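*Asks:* kindly return the folded structure for what I paste below:
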Amino acid sequence: MALIPSQVLRVAILLSYLSILCNFKALDIPAHQTYGGSWKFLTFIDLVIQTVFFGICVLTDLSSLLTQGTDDREQQRQLRKLIFLRDWLMAVLAFPVGVMVVTMFWTLYLYDRELVYPKILDSFIPPWINHGMHTTVLPFILIEMRTTHYHYPNRNSGQAAVSIFSTGYILWICWIHHVTGMWVYPFLDHLSNILKVIVFVASFVAVNVLYVVGEMLNSFIWDKSRFRLLGHRCQQRVWTQQREMVPDRGVFNVGVSAQMAARRRARGGGTSVLVFQHRQRWWVNLARFMVAAVNKLDTLMKTVLNNIGMVLSRRNLMGVLLTLCNGEK
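*Replies:* Sure, this is the predicted structure:
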């Protein structure tokens, strides 16, 4: 059992995003004064998305707490609407856009930071705000996915919403270039028109792929029993099919008797069984690898949550002791 409730984690994450958002808007950055302001950057849009998402998560927790034990159908209906909106935001915007921002930013930053985050910005943006917008988004969203089972919408409707968002943002930065003559991201100035189209298409595809990755990860975390059975079923299928194999054709024949199978193996057909075992074994290994990866991710997330809970518990204890000491004085 985690030492800290998921509701407290969501409140802490929401407060951190609000702090980053307020401090970022208070910075005197020249880009804030140009056309589009902060809204031309996907990082800022993602920061707003994460803040709104965790705000809805906290509101859902409060509504669930207030409606607990009541039979008011109207309140239950409103709660279901909040849960649906929370799940939809997680699936369509919070996870794919958040992961896209983190991966793209640090990939370009490690290659050449001048392409995405010039050194001159270090004099305007403190490091903690930079990491709050480009680093902590990923662990926060993974922790949230680990603590709450999200119900993804229909694959077609979900990817349609992701496609509308990505297409809208691409058209938005193209419009900004049309108005100002400058690209939002400096690396686009070094690309030809064909390469720009390739980058836009690749980004469009990447966001849709991340939507599917989020859906699969959510299933891996919360539907692990289904994947535990996968390795057992694959192994059982191999054992069942090996009993009655026709080695010459590499197929199975349920009606072949044990004597015919023995005669075929005596003629040198036994090697095909080994070939089949080699071909089928990678399915079993893949299933076992998937189960092991899910278990390791589960253990890692539990360790992180427990460590956070221990730190906050110690701080709360110190705060109580200081309050008692001040009260005695």
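*Asks:* so how far is Trp183 from Ile120?
*Replies:* Using Cβ to Cβ, to the nearest Å, we find Ile120 at a distance of 17 Å from Trp183. All C-beta spots, glycine's among them, are computed from the backbone N, C-alpha and C.
*Asks:* who's more crowded, those two?
*Replies:* Trp183 (17 against 9; other Cβ atoms under 10 Å).
*Asks:* the more buried one: what secondary structure?
*Replies:* For Trp183, the assignment made with DSSP: H, G, I helix; E, B strand; the rest coil gives coil.
*Asks:* pretty sure it sits against Cys174.
*Replies:* No. Using Cβ atoms under 8 Å, Trp183 makes no contact with Cys174, being 9.1 Å away.
*Asks:* now the element after the helix or strand hosting Gln7, going C-ward?
*Replies:* Gln7 is part of helix 6-26 when elements are defined by DSSP states H and E. Proceeding N to C from helix 6-26, the next assigned helix or strand is helix 42-67, under DSSP H and E.
*Asks:* and for stretch 113-122, what are the contacting residues?
*Replies:* With contacts defined as Cβ atoms under 8 Å, 6 or more residues apart in numbering, stretch 113-122 is touched by Ile29, Met104, Phe105, Leu108, Tyr109, Asn130, Tyr185, Pro186, Phe187, His190.
*Asks:* nearest to His149 among those?
*Replies:* Met104 (28.1 Å; Cβ to Cβ).
*Asks:* mind checking pLDDT for the residue nearest to Gly37 when sequence neighbours are not counted?
*Replies:* With sequence-adjacent residues excluded and distances taken as Cβ to Cβ, 6 or more residues apart in numbering, Gly37 is closest to Ala31, at 8.0 Å. For Ala31, the model assigns a pLDDT of 78.
*Asks:* same question for Pro186.
*Replies:* 83.
*Asks:* residues contacting it?
*Replies:* Pro186 neighbours (Cβ under 8 Å, 6+ apart): Glu114, Leu115, Val116, Pro118.
*Asks:* let's see 6 Å
*Replies:* By Cβ atoms under 6 Å, 6 or more residues apart in numbering, the contact set of Pro186 is Leu115.
*Asks:* list of residues touching stretch 144-153?
*Replies:* Ser6, Asp87, Met90, Ala91, Glu215, Asn218, Trp222, Met301.
*Asks:* got phi/psi on Pro118?
*Replies:* phi -60, psi 160 (degrees, to the nearest 10).
*Asks:* distance of it relative to Ala26?
*Replies:* 21 Å.
*Asks:* these two: who's more crowded?
*Replies:* Pro118 (10 against 7).
*Asks:* look up how far Phe187 lies from the more buried one.
*Replies:* Distance from Pro118 to Phe187, by Cβ to Cβ: 11 Å.
*Asks:* before we move on, what about Val58?
*Replies:* Taking Cβ to Cβ, one finds Val58 at 37 Å from Phe187.
*Asks:* same question for Trp106.
*Replies:* 14 Å.
*Asks:* where does the stretch 1-150 of the chain have low pLDDT?
*Replies:* 1-4 (pLDDT under 70).
*Asks:* contact partners for Gly132?
*Replies:* Counted by Cβ under 6 Å, 6+ apart, Gly132 has contacts Ile20.
*Asks:* can you tell me the element it falls in?
*Replies:* helix 127-134.
*Asks:* just want the angle from that helix to helix 42-67.
*Replies:* 80 degrees (axes from the mean of the first three to the mean of the last three Cα atoms, to 10 degrees).
*Asks:* can I get helix 127-134 in PDB, CA atoms only?
*Replies:* The C-alpha trace of helix 127-134 is given here as PDB (Å, rounded to 0.1, in the frame of the first residue of the first chain):
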ATOM      1  CA  PRO A 127      16.500  26.000 -14.800                       C
ATOM      2  CA  TRP A 128      13.800  24.800 -12.500                       C
ATOM      3  CA  ILE A 129      11.100  26.300 -14.800                       C
ATOM      4  CA  ASN A 130      12.800  24.800 -17.800                       C
ATOM      5  CA  HIS A 131      12.800  21.300 -16.200                       C
ATOM      6  CA  GLY A 132       9.300  21.900 -14.900                       C
ATOM      7  CA  MET A 133       8.100  22.400 -18.500                       C
ATOM      8  CA  HIS A 134      10.300  19.900 -20.300                       C
END
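*Asks:* this completes my enquiry, with thanks.
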